[in-house]
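Visitor: 3D, please:
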Amino acid sequence: MTDWLALCRAAAADVRGVLQEMPARTERERVLATGAGGDDTTAIDAAAERVVLARFDGLDATIVSEEVGTRGDGRWRVVVDPIDGSLNAKRGIPFFSLSIAIADGDTMRDVELGYVYDFGSGEEWVARRGGGVQLNGEPLRAEPPRDRIEILSFEATLTSEVADKAAAFTGVAHRLRVMGSLALSLCDLAAGRMDAVVSLKPYRSVDVAAGQLLARERGLVVANVDRDESFGDAPLDLVPRSRIAAAGTDDVCRRVIAALSV
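Guide: Take a look at the predicted model:
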């Protein structure tokens, strides 16, 4: 039986090695190509993906990754973002992560294991479907997000998008944070550090597949903003279909979606 968690941890160690080998901004941000997800593939993205995917070679798995797209036709679906928050990584801002989800089907509800490693703090987040959440190997015990949104995380943002949407959250959220990693913002929501999370452009499964399991295993609400279908039915592919909203309760999540939809 495959020890998926051990593979995820080995992949995180491999990416740490890549970061050490490419310490300078000029090395990390060199553009090599356009990835399957539509963004520029930089040297740090390509190097991180190469070592992560090598860990899953030869397994009965279908790989979904930001740079190479969908590869293989195996029993398990491995959804990988080698560096979520790659702009932070390229500029030396210590808030970016490795995000890996292992699923026994092709939708969000099929994710069995969610793994997120924070290269800034060194925190390791693990969720198992029906098995709760662990932070650094211990069960996560934290206060839930507040019903009154003190801190709201805006993700997937350009300055124009923030300017367009921020005013609609006056009276809904007290303060905004623009962190730069959707996976880590979902981790912080699971830990009650954030009270709600939204993306201002449609998400891709590689950004959220692991983090959404962390949130849902904590009893939190994750929803599509722009589609009527349940978030659990969202496909594990690279097609961006909807913005995401997440919060502690249905009521808070609905308030966030209402503001985002103005």
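Visitor: only C-alpha atoms for contact and neighbour calcs from this point on.
Guide: Fine.
Visitor: quick one: terminal-to-terminal distance for stretch 175-186?
Guide: 17 Å (C-alpha to C-alpha, to the nearest Å).
Visitor: for it, buried residues please.
Guide: For stretch 175-186, a neighbour-count test (16 or more other C-alpha atoms under 10 Å) marks 176, 179, 180, 181, 182, 183, 184, 185, 186 as buried.
Visitor: before we move on, what about stretch 224-236?
Guide: 224, 225, 231, 232, 234, 235, 236.
Visitor: turn those into JSON lines, columns for pLDDT and distance to residue 165.
Guide: JSON lines is the format used below for these (pLDDT from 0 to 100; distance: C-alpha to C-alpha, whole Å):
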{"residue": "224", "pLDDT": "97", "distance to residue 165": "17"}
{"residue": "225", "pLDDT": "97", "distance to residue 165": "14"}
{"residue": "231", "pLDDT": "97", "distance to residue 165": "22"}
{"residue": "232", "pLDDT": "97", "distance to residue 165": "26"}
{"residue": "234", "pLDDT": "97", "distance to residue 165": "24"}
{"residue": "235", "pLDDT": "97", "distance to residue 165": "27"}
{"residue": "236", "pLDDT": "98", "distance to residue 165": "27"}
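Visitor: which two among the residues you listed are spaced furthest apart?
Guide: Spatially, the most separated pair among the buried residues of stretch 224-236 is 225 and 236, at 17.1 Å (C-alpha to C-alpha).
Visitor: let me see the contact set for the residue nearest to residue 243 when sequence neighbours are not counted.
Guide: In space, residue 243 comes closest to residue 202 once its chain neighbours are excluded; the distance is 4.1 Å by C-alpha to C-alpha, 6 or more residues apart in numbering. Each residue near residue 202 by C-alpha atoms under 8 Å, 6 or more residues apart in numbering is listed here: 240, 241, 242, 243, 244.
Visitor: the second one against residue 205, yeah?
Guide: Put plainly, it is residue 241. No. In this structure, residue 241 is not within contact of residue 205 by C-alpha atoms under 8 Å, at 9.8 Å.
Visitor: compare the two (neighbour count), which wins?
Guide: Neighbour count, other C-alpha atoms under 10 Å: between residue 241 and residue 205, residue 205 has more, with 26 against 17.
Visitor: just checking, the more buried one touches residue 233?
Guide: No. Using C-alpha under 8 Å, residue 205 is not in contact with residue 233; the gap is 11.6 Å.
Visitor: what about the buried residues of stretch 175-186, which are in strands?
Guide: Counted as lying in strands by DSSP state E, out of those, are residue 176.
Visitor: out of the buried residues of stretch 175-186, who's nearest residue 260?
Guide: residue 176 (13.4 Å).
Visitor: dump the contacts of residue 202 to TSV, plus pLDDT.
Guide: TSV is the format used below for the contacts of residue 202 (pLDDT from 0 to 100):
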residue	pLDDT
240	95
241	94
242	97
243	97
244	98
